[in-house]
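Student: Model the structure of this input:
(chains A and B)
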There are 2 protein chains.
Amino acid sequence: MTTLQAPDTPFLALDVDRVDANIARLRQHLDLLGTPLRLHVKTAKSVDVAARAFGGGTGPITVSTLAEAEYFADAGWTDILYAVGLDPHKLPRAQALVERGVDLTMLLDSITQADALVQHCRTHGVTIPALIEIDCDGHRGGIRPDSADLIPIGRRLADAGCLRGVLDHAGESYFATTADDQRAAAGVERVTVLDAADRLRQADFACPVVSVGSTPTAHATAELTGVTEVRAGNFVFFDLVMAGIGVCRVADLALSVVVTVIGHHGNEGIFTDGGWMATSRDRGTAQQAVDQGYGLVADIDGVLIPDLLMVGASQEHGVLSIRPGSSRRLPHLPIGTRLRILPNHACATAAQHSRYLVHHGGSTDVVSQWPRHNGW
Amino acid sequence: MTTLQAPDTPFLALDVDRVDANIARLRQHLDLLGTPLRLHVKTAKSVDVAARAFGGGTGPITVSTLAEAEYFADAGWTDILYAVGLDPHKLPRAQALVERGVDLTMLLDSITQADALVQHCRTHGVTIPALIEIDCDGHRGGIRPDSADLIPIGRRLADAGCLRGVLDHAGESYFATTADDQRAAAGVERVTVLDAADRLRQADFACPVVSVGSTPTAHATAELTGVTEVRAGNFVFFDLVMAGIGVCRVADLALSVVVTVIGHHGNEGIFTDGGWMATSRDRGTAQQAVDQGYGLVADIDGVLIPDLLMVGASQEHGVLSIRPGSSRRLPHLPIGTRLRILPNHACATAAQHSRYLVHHGGSTDVVSQWPRHNGW
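Tutor: As a prediction, the model looks like this:
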């Protein structure tokens, strides 16, 4: 059997036991609250990973690109929300998905987009449903629940049979550093989107879907009454940013980049063959209380090496050094030693690769190779 | 004919006229100095782009991964330097390239690596030549020319017929903000590597290759006596980091990311469908005198929109806003408008994509699609 010592580095290692545990934890939480998960597949972009969340089968998913939607549709997934604001130019591909039997939902937040969607549907004799994006904290798109545009958008969609509901996303929650603040962000996310749903219903529009979600709020929420689905994706892998705000422990991180020591810079630094091409340039922890550089460093068995950080990166070179302020000395890691880098941001790091080498916790045996579907 | 208005966004647009002009400029400079270019193909990872530097044919190249070496070898390129420190585990793939007729050169900077290379060559009856990496400014791997390891490494390689020469790279030059400082960095790069070559020659080792290079020093150098080749790669596209230190003008940037407006945040921001997945997380200009955010914004014809920056990015959302401190107002850019983002770092941005849509300057007609070869 191949082990994590065999393939040429750098590559992604995925601890499937941690994936399963991360999924079980959120599933249990949402089951208690009685609200289904609509898995966001933008992190893993893998049908194999997504299937872990649905007992090996399929289920409702959120995608960030139409390429993801097409890839999952090819694998038999039929309940797909495309949660990026509608570019009217992409309607032919959306239509093609609907015509092959996918229950595809689009997202929009303007009269212009609603008119474009409705016009396309009328011209082509197709119905493509949509959610209206609601802004709960100013972090991304969407309109406020009291926006003068909400009812006109709702009317256009409803008249064409395209109004499916409302959605928001608590982007603020990624900067909420305590469980209380994350729970507060979840509360704002829920109340805001329900306000919008109420306004639409008061105007006599059906609003069957009320969709909320982010990895922090999905874990923090204690109240989902009125919400019909929770979107989250990062939690399947977790990462140092999520650990930095306490949503998970470092021991929950399922994804790592396997690299090899290729040189030394005196007693100051260790060079590896994993640069930013392998980890991404994401430095999400730089804004957190503890800056983890480009990532924490573990040995090939996954045991963290105390205070060793990936402090620098060029395209195909990583630089490891001791955490600033620590009195530890650089460990002896000869040329050829394999290490695992735990990333800042799993979505960005995974995106640099085309496959996962899957192993169980505590083992370096590679039990599967799962492809990723990148691109647009 | 397809135009830049046709494919779904985001995607890479490549102005081939600017590529050709950037290549002609450096070629002319190096021709005057009488030193050949060894093109670094890590930026474009495209045989089509690389061929522009060699009159449509092939020539000496530098690669950053063995995957690049194999891809170029498949296309008939035979003179390849793999310029990342040797991981002994990768020797079988290097051997396979040599055995199919590629003149492959490896890089190393330690006795451990030299021993591993020589041992592999003796065991398998193959000769894989190598350069010794020299450190000229502490920015990456390599040993100093006066290192006690230089002669022992040289002897091991020479005894096995594997010693080809020395190489360095002025990483410091990316932080040199004036032409004088860049020329000084080029001088340090040249003098340092020549010191090492002299020491090896004084010890009676042949040292036929003396390799230097970085995009800033390649353009700044006025003296290359003793140097046998210059490596540079970024210059085929250039980017805002290179413009920020004056190595090129913004008007020389050949690569852009085409995105579409998908929403507005009042008068404060414009949302596009190009997030960090399309641009990368690279914020190289954040450390420069002028922070260009995630990039400058041009219209689809390539005309810069004054003071409009891509200021934020989530995975598939870009946020455009007016440069802080500017008194300009956000331009009217309706939903569906296509724009082009000029990136901080061409190597990182290009790496997020699998192909280039090629156009001529001043035209949006797509004349070719060139694939990229990513991965390891």
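Student: Pull up the residues of the stretch 51-200 of chain A that are close to chain B.
Tutor: Counting by Cβ under 8 Å from any Cβ of the partner chain, the residues of the stretch 51-200 of chain A lying close to chain B are A:64-66, A:84-90, A:93, A:109-110, A:112-113, A:116, A:138, A:140-141, A:171. C-betas here are computed from N, CA, C, even on glycine.
Student: change it to 6 Å
Tutor: When proximity is defined by Cβ under 6 Å from any Cβ of the partner chain, the stretch 51-200 of chain A lies next to chain B at A:64, A:84-85, A:87-88, A:90, A:109, A:112, A:140-141.
Student: Of those residues, which is the most crowded?
Tutor: Neighbour count (other Cβ atoms under 10 Å in any protein chain shown) singles out residue A:109 as the most crowded of these, with 30 neighbours.
Student: Quick check, that one in contact with residue A:145.
Tutor: No: judged on Cβ atoms under 6 Å, residue A:109 makes no contact with residue A:145 at a distance of 11.8 Å.
Student: In chain A, what residue spans correspond to helices?
Tutor: Secondary structure of chain A (DSSP state H): helices located at A:16-33, A:47-52, A:66-74, A:91-99, A:111-124, A:150-159, A:179-202, A:215-220, A:240-244, A:276-279, A:346-350.
Student: Include mean pLDDT and distance to residue A:313 when you put the ones you listed into a markdown table, please.
Tutor: Below are those laid out as a markdown table (pLDDT from 0 to 100; distance: least, Cβ to Cβ, whole Å):
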| stretch | mean pLDDT | distance to residue A:313 |
| --- | --- | --- |
| helix A:16-33 | 98 | 24 |
| helix A:47-52 | 98 | 26 |
| helix A:66-74 | 98 | 27 |
| helix A:91-99 | 98 | 35 |
| helix A:111-124 | 98 | 39 |
| helix A:150-159 | 98 | 44 |
| helix A:179-202 | 97 | 30 |
| helix A:215-220 | 97 | 25 |
| helix A:240-244 | 98 | 15 |
| helix A:276-279 | 98 | 4 |
| helix A:346-350 | 98 | 12 |
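Student: Need the ones you listed in JSON lines (columns: distance to residue B:19).
Tutor: As requested, the helices of chain A are arranged in JSON lines below (distance: least, Cβ to Cβ, whole Å):
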{"stretch": "helix A:16-33", "distance to residue B:19": "43"}
{"stretch": "helix A:47-52", "distance to residue B:19": "38"}
{"stretch": "helix A:66-74", "distance to residue B:19": "27"}
{"stretch": "helix A:91-99", "distance to residue B:19": "30"}
{"stretch": "helix A:111-124", "distance to residue B:19": "36"}
{"stretch": "helix A:150-159", "distance to residue B:19": "44"}
{"stretch": "helix A:179-202", "distance to residue B:19": "46"}
{"stretch": "helix A:215-220", "distance to residue B:19": "41"}
{"stretch": "helix A:240-244", "distance to residue B:19": "37"}
{"stretch": "helix A:276-279", "distance to residue B:19": "22"}
{"stretch": "helix A:346-350", "distance to residue B:19": "28"}
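Student: out of these, deepest packed?
Tutor: helix A:215-220 (a mean of 28; mean count of other Cβ atoms under 10 Å in any protein chain shown).
Student: other SSEs contacting that helix?
Tutor: helix A:179-202, strand A:229-232 (3 or more Cβ pairs under 6 Å, 6 or more residues apart in numbering or on different chains; DSSP states H and E).
Student: could the ones you listed be laid out in JSON lines, adding distance to residue B:56?
Tutor: Output for those, formatted as JSON lines (distance: least, Cβ to Cβ, whole Å):
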{"stretch": "helix A:179-202", "distance to residue B:56": "56"}
{"stretch": "strand A:229-232", "distance to residue B:56": "50"}
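Student: Between the ones you listed, which one is closest to residue A:339.
Tutor: Distance to residue A:339, taken as Cβ to Cβ, is lowest for strand A:229-232 among the helices and strands packed on helix A:215-220, at 29.5 Å.
Student: Any residue of the closest one touching chain B?
Tutor: No: Strand A:229-232 stays clear of chain B (Cβ under 6 Å from any Cβ), getting no nearer than 13.2 Å.
Student: quick check: mean pLDDT across that strand?
Tutor: The average of the pLDDT scores along strand A:229-232 is 98.
Student: helices or strands up against it?
Tutor: Counting contacts by 3+ Cβ pairs under 6 Å, 6+ apart, strand A:229-232 packs against strand A:37-40, helix A:215-220.
Student: Tell me who's in contact with residue A:15.
Tutor: A:254, A:361 (Cβ atoms under 6 Å, 6 or more residues apart in numbering or on different chains).
Student: any idea how far it lies from chain B?
Tutor: 21 Å (Cβ to the nearest Cβ, to the nearest Å).
Student: Then residue A:238?
Tutor: From residue A:238 over to chain B (counting by Cβ to the nearest Cβ), the distance is 16 Å.
Student: ok, and the closest non-adjacent residue to that residue?
Tutor: residue A:248 (4.3 Å; Cβ to Cβ, 6 or more residues apart in numbering or on different chains).
Student: That's all I had, so thanks and see you.
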